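Engineer: Need the 3D shape of this:
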Amino acid sequence: MVRQREVSREHISVGLIGCGHAAEMHLAAIRSSGRARVVAAADIDKTAVQRVARDGIRPFSDYHGVLAAPEVDTVAVLTPPHVQFEIASAALIAGKHVLIERPMTRSLAEADRLAEQAGSARTALMAGYHLRFHRHIQAARRVIETGAIRAVRVDTGPPRLMR
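Structural biologist: Sure, this is the predicted structure:
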């Protein structure tokens with residue numbers, strides 16, 4: 001059964017799933033936001049979870065504990081790509097909002113399935129493209145929106161040397 005829950009605008013309770021380097025960066029960002037707090041963390045590596053789980057953060061040995069914690073509104077899936085789909089899918093089924101690190105999934109079909117699940121559960125799903133919110137990227141976006149730059153070309157081909 002899908003749990004539908006409003007998240008308080010005052011305070012968002014976050015569970016971190018995966019406690020490697022990315023978790024420490026997310027933890028610092030969440031703490032500095034003033035609008036969210038990390039309440040749970042999970043990792044199969046006990047040393048990694050203990051490094052993150054301090055100051056009232058509940059440690060779990062796997063992601064199921066975080067998903068079962070009623071105080072968790074949102075989860076940040078910070079795991080290797082080959083397990084992200086499974087974890088994010090379980091989180092959406094549990095009624096949690098999901099921030100998932102990139103690459104979001106291993107295939108477009110998996111990404112589409114997560115989007116469908118988020119829609120059905122009425123939960124938010126966001127890929128962690130952190131540069132989207134960087135002040136320089138936002139400034140460039142504002143310049144583009146004014147029309148000062150008429151066309152933006154993104155080169156997605158293989159890297160090549162400039163001469």
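Engineer: can you map out the strands along this protein?
Structural biologist: 12-17, 36-42, 58-60, 74-77, 97-100, 125-127 (DSSP state E).
Engineer: Once you drop chain neighbours, what's closest to the residue most central in space within the chain?
Structural biologist: By C-alpha atoms, centre = their mean, the mean C-alpha position of the chain lies nearest to L99, the distance being 2.2 Å. Spatial nearest neighbour of L99, chain neighbours left out: A76 (4.6 Å); criterion: C-beta to C-beta, 6 or more residues apart in numbering. C-beta coordinates here come from the backbone N, C-alpha and C atoms, glycine included.
Engineer: what sits against that neighbour?
Structural biologist: 14-17, 23, 26, 99-101, 128 (C-beta atoms under 8 Å, 6 or more residues apart in numbering).
Engineer: Need these in TSV (columns: distance to L114 and pLDDT).
Structural biologist: Below are these laid out as TSV (distance: C-beta to C-beta, whole Å; pLDDT from 0 to 100):
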residue	distance to L114	pLDDT
V14	18	97
G15	17	97
L16	18	97
I17	14	98
A23	21	91
H26	19	90
L99	12	95
I100	8	94
E101	13	88
G128	13	83
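Engineer: Understood, closing this out.
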